[in-house]
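Asks: I'd like to go over a predicted model; first the sequence, then the structure.
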Amino acid sequence: MSSEQKILTRDVEASVVPIGTKVTLQKGETAHITQSLGGTYTVIVNGNMFRIESKDADALGIEAQAAPAAAVAAPTGPMTQEQLEKKVWESLKTCYDPEIPVNIVDLGLIYDCHLTSIGPDNYKADVKMTLTAPGCGMGPVLAQDVQNKLISLEPIDEANVELVWDPPWNQGMMTEAAKLQLGLL
């Protein structure tokens with residue numbers, strides 16, 4: 001795994017991987033970026049792994065990236081539920097586990113995503129997702145990431161993300177592309 005070295009330009013809040021505890025990394029510390037996918041940064045500081053949110057990219061000396069433009073062109077008039085579902089799945093594919101360089105959809109962590117109309121051109125998204133390991137403290141962080149990305153989609157006004165453990169996740173739930181990327185094929 002390649003690693004880019006950066007000196008923190010200011011104190012920055014980060015989540016300890018994999019337990020999810022919030023800590024403050026200090027200005028002047030050396031951070032080795034091991035992953036920068038989905039707008040977040042996985043770094044190693046003093047031998048420990050942390051996740052830094054995209055809003056704090058400047059602490060790494062990186063210009064914050066604008067939210068990626070949706071791959072689905074905005075239709076004229078109200079969006080159909082089918083178009084919105086496609087947009088939702090594309091958005092979910094921008095969420096990454098901080099330890100695995102594969103999006104959570106291809107990892108097989110999203111068990112269900114259901115859209116419900118709650119008004120004219122307003123929707124609620126209900127997502128059931130799991131983690132690669134039940135003891136992973138990053139669950140709330142990933143669930144919040146999913147919720148934030150869904151709510152950022154124009155017609156979605158509510159997003160509920162539930163962590164579930166049945167059925168337990170296993171490597172067989174990954175897409176062929178994810179297995180290939182991780183060298184499991």
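Replies: Right, received. Where do you want to start? Residues are numbered from 1 along each chain as shown.
Asks: any idea how far the most centrally placed residue in the chain is from residue 121?
Replies: The residue lying closest to the centre of the chain (C-alpha atoms, centre = their mean) is residue 95, at 2.4 Å. Here residue 95 is placed at a distance of 25 Å from residue 121 (C-beta to C-beta, to the nearest Å). Using the backbone N, CA and C atoms, a C-beta is placed for each residue, glycine as well.
Asks: Contacts for whichever strand or helix holds residue 125, please.
Replies: Element membership of residue 125 [criterion: DSSP states H and E] is strand 122-129. Strand 122-129 is touched from outside by 81, 84, 88, 92, 104, 109-118, 142-143, 146, 150, 155-164, with contacts defined as C-beta atoms under 8 Å, 6 or more residues apart in numbering.
Asks: same thing with stretch 170-179?
Replies: The list of residues contacting stretch 170-179 from outside it, by C-beta under 8 Å, 6+ apart, reads 102, 105-109, 182, 184-185.
Asks: Identify each buried residue in the strand holding residue 125, please.
Replies: For strand 122-129, a neighbour-count test (16 or more other C-beta atoms under 10 Å) marks 123-125, 127-129 as buried.
Asks: coming back round to it: from the contacts of stretch 170-179, which one has the minimum pLDDT?
Replies: Within the contacts of stretch 170-179, residue 185 has the lowest pLDDT, namely 81.
Asks: quick revisit: now the contacts of stretch 170-179: which count as buried?
Replies: For the contacts of stretch 170-179, buried by 16+ other C-beta under 10 Å: 102, 105-109.
Asks: quick one: which of those residues sit in strands?
Replies: Among those, none falls in strands (DSSP state E).
Asks: Okay, helices next: where are they in this protein?
Replies: Ranges of helices in the chain, per DSSP state H, are 81-92, 139-151, 176-181.
Asks: Nearest to residue 8 among those would be which one?
Replies: helix 139-151 (19.8 Å; C-beta to C-beta).
Asks: I would like the residues contacting that closest one, please.
Replies: Contacts for helix 139-151 (C-beta under 8 Å, 6+ apart): 15, 20, 38, 40, 51, 88, 91-92, 94-95, 97, 104, 109, 125, 127, 129, 131, 156-163.
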